[in-house]
Every structure is written in C-alpha cells, then in structure tokens.
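Participant: please work out how this folds:
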Amino acid sequence: MRSKIKYSVIVPVYNVESYVEYCLKSLINNNLDNYEVIIVNDGSTDNSLSLCEEIASNCDKIKIISQKNGGLSSARNSGLNIAEGDYILFVDSDDWVDSNYLHVINNALSLSGSSDIIVFGYESVVNESNKRDIVKLESRLYLKNEIGEAVAYLDNNGISFNLAWNKVYKRWLFEKISFNPSISYCEDLVFNSSVFNMVDKVYVSNDGYYKYRITLDSLTNNHFYNNYREMADIAVLTRSELYRNLKITRKYQHILYNKELNYRLGEITNMYRPSSVFNIKERLSIIKDIKGKIASLKIGQVRMSNIEKLIFIIINYLPAWVSDRLLVALFYLKNNMRSSYNFIRNFI
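Facilitator: Numbers count the residues shown, from 1 in each chain. Model (predicted):
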C-alpha cells in the first residue's frame, strides 16, 4: 500500500516529444513513495501523449489527464484540481530534475519548519552546447515581517522570483488562488506576486535540483508577440503593487527601475523582430510612449549591458524618427549580419 502523498508534481505537456521522456524519467527516478506526477496533456498534436502513456504504464505514481489546448496556466490549474499532495511542485516538460530532488526538498522542509514556500536555485543548460550556468541562492528563513526582503533578494537574483518551477508551495495556497489563463506571458510573476502577499514564512535554500533547458531557438528567439506591450505593462504594474503592499518600494526602488527598463527594452526588441506587424507610424508612437515611461527612471541605479545602453541613448536622446531609423539598422544587423552586430556590441 502506498504511503500518503506528500508531493504533487504537475507537468504540463504540449508538443515536446523530443524532451518529455527524459523529463519524466528524471521525475520517477526517486526511491521515495510519497509523491505523484500529474501529466496534463494540453492538446498535443505530436507523439508526446503516447510517450507519456508508455512511461505511465510502468509507473503507478503517474496520472495523465488530457484537455484541449488552453495554455500553460490552464494546464497547471487542471493538474491542481486533482492533486492530492500537501505540497505542490511544477516542472516544465522540456526540463528535468536531479534524482535526489525530493530528498533535497525534504531536507529543506526540515530546516525551514514547514514554510509556506521554499525557493531553490537552479541550473540553466544550453541544449546544443551543454553550456551550464548555476543560479545559487543563499539559505535564509524569512518570517512574516521579512517577506518583502525575500522578494527583493529573489528579484535581485535574475528571474528567481518570477518562476514557478523553482519553488515548492504549500497546498493551502491554491485554495485561495490559481493561475490566470488569460495571461500568456508573465503568468508566473502575476501568480507569485499574489502568493507572496499571502504567506507567513518563506525559506530560500542554497540547494538546487532543477535543470532548465535552453535551446538554440530560445537563445535566438525572433518570435514576435503581438501583445508584448500589454504584458510588459502588467508585469511592471504587478511588481510595483507587490512592492507597495510589502512596503519596500522606497528601499528597493532601484530593483523596480531595473525590472521596468528590462521590460521596456524588451518592447523595443519585440517591435523590430522580422515578423513584427508594426508600421513606421505605430513604431514612432511606441518609441515616444517608451521614452515617456523611462524618463522618470533613475538610470544611475540601473544595470545595463553595452547594447542596452546604446538602445537607451537612441530612444531617450534623439527624435523618434531618428531613433527608428537607427533601430531599424541595428536590428537588421542583429537578425541578418550577426558578426557586424557583435562587433558593435563589443566595441561600445
């Protein structure tokens, strides 16, 4: 007889036949019995479901449910509806975990006194080159009056706050909130912002078990997002409201500046992708809008790469029509003449 389920691991699956088998085998390669793996097939049209069913046929820890394609948030919510564990974990189906990941979590729970959320570091792995980058956090327990410090610390360590898959959540949190299916870009940030407003105890661990796969396609992503500007505004507003609610805005204003500038420069990058649908009139309007939004940022407190500094100068100090011409040229080099673009990036 299986022991009571302590952990529910939810894995949304959509057209990942190249990776899902490796992901699932890493999840079931544990010698603990008190967990379940919930696969949510989100309308896959490739061989993903068949691969999942084959692995599930030899493992009673796996449950599979299928639904019409509804996106990541919808799939996660469907998994939550049938989850039996006291703690909830999320794993993306093209990533994987260490074989001792549940032992790592057990140890963290013991050290933290059963925190509402546990946050771990992770390792990014570039698929084609196997280049690895470890995000390692400092262990600390944050109590109710210190949750703002936890948020600021995680926000100051890349994307550690934004993510759902580097965290373990107590089940009770999902009785209060779920993922918003109408948001397709910054859904984890919106979700975590709500959750961190609710919790009394957060433990950040210096351990890591999660392997985040980065593919060449994602590194050179030229996909145009029609709603990127709307999503950037949501992300900026959500983070600002969280900082205000936790009363840390004044102390950590520089972090908000950094995050907002990243989103605004992301709007520029998105606007000049080859598949962009914006015409010159629309681009000029967007440049003026972004210029107005970043005018109030204290740039001396913002960390920028050389190329980001160049784009900032182009937007902020030149007429919109000149900015547009220069950005068209810059992103043409980026998309079509990479060596020339890299020369400019390294030269400035």
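
Participant: ok, and the helix or strand in this structure with the lowest average confidence?
Facilitator: Sorted by mean pLDDT, DSSP states H and E, the helices and strands of the chain end with helix 216-219, the least confident at a mean of 56.

Participant: and the next helix or strand past the helix or strand hosting Tyr257?
Facilitator: Per DSSP states H and E, Tyr257 falls inside helix 253-271. Using DSSP H and E, the helix or strand that directly follows helix 253-271 along the chain is helix 280-294.

Participant: in the following helix or strand past that following helix, what counts as buried?
Facilitator: Next helix or strand after helix 280-294 toward the C-terminus (DSSP H and E): helix 306-317. Using 16 or more other CB atoms under 10 Å as the test for burial, helix 306-317 gives 307-308, 310-312, 314-315. Every residue, glycine included, has its C-beta placed from N, CA and C.

Participant: save those residues as CSV, and put in distance to Leu246 and pLDDT too.
Facilitator: Formatted as CSV, the buried residues of helix 306-317 follow (distance: CB to CB, whole Å; pLDDT from 0 to 100):
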residue, distance to Leu246, pLDDT
Ile307, 33, 85
Glu308, 28, 86
Leu310, 34, 88
Ile311, 31, 91
Phe312, 28, 90
Ile314, 35, 93
Ile315, 31, 93
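
Participant: for those, which one is nearest Asn192?
Facilitator: Nearest to Asn192 among these is Glu308, at 25.0 Å by CB to CB.

Participant: state the distance from the closest residue to that closest one other than its chain neighbours to Ile28.
Facilitator: What sits nearest to Glu308 in space, not counting adjacent residues and going by CB to CB, 6 or more residues apart in numbering, is Leu265, at 5.6 Å. According to CB to CB, to the nearest Å, Leu265 stands 41 Å off from Ile28.

Participant: and these two? which has more neighbours close in?
Facilitator: Taking other CB atoms under 10 Å, Leu265 and Ile28 do not tie; Leu265 has more neighbours (20 against 17).

Participant: right, and the more buried one touches Ile311 too?
Facilitator: Yes. Here Leu265 reaches Ile311: they are 5.8 Å apart, a contact under CB atoms under 8 Å.

Participant: next, the buried residues of the helix or strand hosting Val104.
Facilitator: Using DSSP H and E, Val104 falls within helix 101-112. The neighbour-count check on helix 101-112 (16+ other CB under 10 Å) flags 101-102, 104-105, 108-109, 112 as buried.
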